[in-house]
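>>> Dropping the sequence and predicted coords here.
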Amino acid sequence: MKLLSKLTLFTTVSKLAILLVFVAAIPYLVDRVAFNNTNYQLRQQEEKVFSNIRDNGIDYYLEGDSTYASYTMLKEEYISIASAELDHLPDTMMTSQRIIENDTLNYRILSRTFQFEGKNYNLEIARTISSIGQYNRPLQRIALYVLAGLVLLTLVADLLYTRILLKPLSAIIRIRIRDNRFPFKKLREPVRTSTSDFRYLDDSLINLMQQVNDDFEREREFTSNASHELMTPIGILQSKMENLLLLHEGDEALQEKLIGQMKTLNRLKKIVNSLMLISRIDNEQYRRDDTVLPGRLLQEVAGELEHRLEQQDIQLAIHLSSGKRISGMNQDLLFQLFHNLLNNAIRYNTPGGRISITDSQTSNGYQLSIGDTGIGIAAADLPLIFNRFKKTSNGSEEGNGLGLSIVKSIADYLNLRIEVESTPGKGSQFHVLFPDV
Amino acid sequence: MRTLIIEDQRSMALEMEEFLTRSGYLCELAFTGKQAEKLMEGNAYDFILLDLGLPDKDGLEVLEQAKKVCPAASYIILTARGKLEDRIRGLDLGADDYLPKPFSLLELQSRMQAISRRKSGLRENIVSIGDFTVNLNLRTVSFNEGEIDLSKKEFDLLSYMLLHRNRPMTRMQLGEHIWGSFSDDNYDSNYIDVHIKNIRKKMTVFAACDWLQTIRGVGYKIKS
């Protein structure tokens, strides 16, 4: 999941969760507030009553009677003072029922027992529960609206800001990674951002790519120079040996030794030749404007390797759709690519085995596949087979391990994709995809 | 055939001289561009073998200059640079052939022979071996008017050996000729044997091929 999606999801879910918790808590909270408020008001009124009694005497209320009671029109509140026989009536705040003029109502009641001039009285100040709760519902609604509005507002603000904040990151991913292929030719200008983390990331990526480019450049130069420099002494040695061979024509023992040396030199020469080819491809010394007929090309490659097929007794079947033409290619490089693939299919085949070359039009482009019935490649070796000088553990003595890296260099240069499937003991399939332009 | 070898690597030049002298060429050596220009002014050569990597001058400039002084000579460019542009420019400037280093001396000689053949203008270039007749220009092998059908590689191999008859040739030298400098990582040059076997099979149907000899441990030789 993308960072932006994750953040969006988290922000939304967390805000909704807060909203839900609050919605669930509002009735309880409002009730609590209303009750506490009522208790407080009752106590205030109690204070007032006592202050009146202190200033004006108990008769201010009783007016000679033994009890006093007063209530509002709808009996929402009442106050009563009565002489109490019992002096242990509790001072309390309670919720209880009272019957007032035949109406049974629920009240919140402050009840207090007090002595005045040697007599016990009981004071009750009360308010109906329904009047306490009368503002609860509208209050709850308003609280809910306000909260929902705030949550929505912050949500939008958060999401907008996250989007703006993460914009440089997606630019970095797009420009530096997704749309960028090795060799990183276009290092473009830095991505614009005021976030130091992204600045650091972008700078580091640019540096890294520059470094990779530099290393590649150095390696390319080295390979090119080294192989050219090596060719001269190899040439001298080869000539010396050829002359020696002619000079000592009758001497079998010496000739055998010379042939041994020539074989070793030949091996060295082939390695240097392969390296030179790779460096020429990497130096882009080949044109890319040939139009190639894959059927004819593969027939030529097969012709080149006929002797090897014959010697190993391998059946080659080429089944290609006719008339296919591929433009923007280099005939020689493509020849070399298929030569190496077919050569491997022969080399790692079993005597009497089969090789089949087929093609297909996939959704991504035209694909040529070379399948063999050979020894196959272990899954662990698959990612390594295109590395230079890599020989698989079950590889034969033959080969310098450059064949497939040449294939890879050519494929990269001609923008082809190579895929390999292999089952050890059963054989391998190499697919070469020519993407549709 | 007078041949000028322009090559700054002395030991390379000496080996080429030794080989070509034995094959009947008259060789002179130049190790620098200056030496070469001096020699070319006073002498007429049939062949000029030119290494492009000279210490004092650009090889291609030397070639341009040489074409003015020795227009009749045949030029073969030898180079380890192996750049495509060098090759194209060299041939544009009038070189007759181009041989990338390292090369086999046999290959060098056969290129020189091919140029001679071309320049002599002979339509018919016929070599006979045993009871067979080989037409190098038309690329045919025949026996009493009957033609023998050899593959391209088989013919290349046979004609290369014919050009170097009476000389032992290693499988590597033969392989290098028919496969060229094309990058190939097959070290085992015994694949030549398959071709030789086929050549023998196709030709012995008509007549004995004991002139095509196997030299144990070395390779093959055509004896005549």
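Everything's here; your move.
>>> how does chain A divide up, domain by domain?
A:3-136, A:196-282, A:290-435 (automatic domain parsing).
>>> Residue A:160 is nearest to which of the ones you listed?
Ranking the domains of chain A by proximity to residue A:160 (CB to CB) places domain A:3-136 first, at 10.6 Å. C-beta: built from backbone N, CA, C; applies to glycine.
>>> next one: that closest one to chain centre, how far?
Relative to its parent chain, domain A:3-136 has a centroid offset of 59 Å by CA atoms, centre = their mean, to the nearest Å.
>>> hang on, the earlier thing: next, format the domains of chain A as a markdown table and append mean pLDDT and distance to residue B:74.
Formatted as a markdown table, those follow (pLDDT from 0 to 100; distance: least, CB to CB, whole Å):
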| stretch | mean pLDDT | distance to residue B:74 |
| --- | --- | --- |
| domain A:3-136 | 87 | 71 |
| domain A:196-282 | 87 | 20 |
| domain A:290-435 | 89 | 26 |
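>>> could I get these as CSV with distance to residue B:114 and mean neighbour count?
Shown next, in CSV, are the domains of chain A (distance: least, CB to CB, whole Å; neighbours: other CB atoms under 10 Å in any protein chain shown):
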stretch, distance to residue B:114, mean neighbour count
domain A:3-136, 68, 14
domain A:196-282, 19, 17
domain A:290-435, 22, 17
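>>> Export the ones you listed as TSV, with columns for distance to chain B.
Below are the domains of chain A laid out as TSV (distance: least, CB to the nearest CB, whole Å):
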stretch	distance to chain B
domain A:3-136	47
domain A:196-282	3
domain A:290-435	4
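>>> Please, where are all the strands along chain B?
Ranges of strands within chain B are B:2-6, B:26-30, B:47-51, B:74-79, B:97-100, B:126-129, B:132-135, B:140-143, B:146-148, B:169-170, B:212-215, B:219-222, based on DSSP state E.
>>> out of the domains of chain A, which comes closest to residue B:152?
Proximity to residue B:152, assessed across the domains of chain A by CB to CB, is greatest for domain A:290-435 (7.9 Å).
>>> hey, where'd the helices end up in chain B?
Using DSSP state H, the helices of chain B run over B:10-22, B:33-42, B:59-69, B:84-92, B:105-120, B:152-163, B:171-179, B:191-204.
>>> Can you name every helix or strand that the last one contacts?
The reference is to helix B:191-204. helix A:306-312, helix B:152-163, helix B:171-179, strand B:212-215, strand B:219-222 (3 or more CB pairs under 8 Å, 6 or more residues apart in numbering or on different chains; DSSP states H and E).
>>> redo that, cut-off 10 Å
For helix B:191-204, the packing partners by 3 or more CB pairs under 10 Å, 6 or more residues apart in numbering or on different chains; DSSP states H and E come out as helix A:306-312, strand B:140-143, strand B:146-148, helix B:152-163, helix B:171-179, strand B:212-215, strand B:219-222.
>>> Contact partners for the closest residue to residue B:198 other than its chain neighbours?
Once flanking residues are discounted, residue B:198 sits nearest to residue B:154: 5.9 Å by CB to CB, 6 or more residues apart in numbering or on different chains. By CB atoms under 10 Å, 6 or more residues apart in numbering or on different chains, residue B:154 lies in contact with A:307, B:141, B:148, B:178, B:194, B:195, B:196, B:198, B:199, B:202, B:203.
>>> Ok, residue B:217 next?
Per CB under 10 Å, 6+ apart, neighbours of residue B:217: A:252, A:253, A:255, A:256, A:257, A:258, A:259, A:260, B:168, B:170.
>>> switch to 8 Å and redo it
By CB atoms under 8 Å, 6 or more residues apart in numbering or on different chains, residue B:217 lies in contact with A:252, A:255, A:256, A:259.
>>> Inside helices: which ones of these?
Judged by DSSP H, helices contain the following of the contacts of residue B:217: A:252, A:255, A:256, A:259.
>>> ok, which pair from those residues is furthest apart?
The largest separation in these, counting by CB to CB, is between A:252 and A:259 at 10.3 Å.
>>> Surely residue A:338 touches residue A:297?
Yes - using CB atoms under 8 Å, residue A:338 is in contact with residue A:297, at 6.6 Å.
>>> among the helices and strands of chain B, which has the poorest mean pLDDT?
Least confident helix or strand, chain B: helix B:84-92 with a mean of 77, by mean pLDDT, DSSP states H and E.
>>> what angle do that helix and helix B:59-69 make?
If you take axes from the mean of the first three to the mean of the last three CA atoms, to 10 degrees, helix B:84-92 sits at 0 degrees to helix B:59-69.
>>> how is chain B carved up into domains?
If you go by automatic domain parsing, chain B breaks into B:2-120, B:126-222.
>>> circling back to that earlier point, so which of the contacts of residue B:154 is the closest to residue A:73?
Proximity of the contacts of residue B:154 to residue A:73 (CB to CB) peaks at residue A:307, which lies at 120.7 Å.
>>> Quick check, that closest one in contact with residue B:197.
No - Residue A:307 is beyond contact range of residue B:197, at 9.5 Å (criterion: CB under 8 Å).
>>> Sketch out the strands for the stretch 201-350 of chain A, chain order is fine.
Assigned by DSSP state E, counting those that start in this stretch, the stretch 201-350 of chain A shows strands spanning A:290-292, A:315-319, A:326-329.
>>> Just put those in a markdown table and tack on distance to residue B:75.
Formatted as a markdown table, the strands of the stretch 201-350 of chain A follow (distance: least, CB to CB, whole Å):
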| stretch | distance to residue B:75 |
| --- | --- |
| strand A:290-292 | 29 |
| strand A:315-319 | 42 |
| strand A:326-329 | 32 |
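>>> Nearest approach to residue A:177 belongs to which of the ones you listed?
Residue A:177 sits nearest to strand A:326-329 of all the strands of the stretch 201-350 of chain A, at 26.1 Å, using CB to CB.
>>> which strands and helices sit next to that closest one?
Packing partners of strand A:326-329 (3+ CB pairs under 8 Å, 6+ apart): strand A:290-292.
>>> again, only this time at 10 Å
Applying 3+ CB pairs under 10 Å, 6+ apart, one finds that strand A:326-329 makes contact with strand A:290-292, helix A:294-304, strand A:365-372, strand A:427-435.
>>> want to throw the ones you listed into a markdown table with distance to residue A:102?
Below are the helices and strands packed on strand A:326-329 laid out as a markdown table (distance: least, CB to CB, whole Å):
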| stretch | distance to residue A:102 |
| --- | --- |
| strand A:290-292 | 109 |
| helix A:294-304 | 107 |
| strand A:365-372 | 95 |
| strand A:427-435 | 94 |
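>>> mind checking which of these is nearest residue A:96?
strand A:427-435 (86.5 Å).
>>> Now tabulate the contacts of residue B:217 in JSON lines and tack on distance to residue A:16.
What follows is the contacts of residue B:217, written out as JSON lines (distance: CB to CB, whole Å):
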{"residue": "A:252", "distance to residue A:16": "94"}
{"residue": "A:255", "distance to residue A:16": "90"}
{"residue": "A:256", "distance to residue A:16": "88"}
{"residue": "A:259", "distance to residue A:16": "84"}
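>>> how about the strands of chain B, which one is nearest residue A:264?
Residue A:264 lies closest to strand B:169-170 among these, at 12.8 Å (CB to CB).
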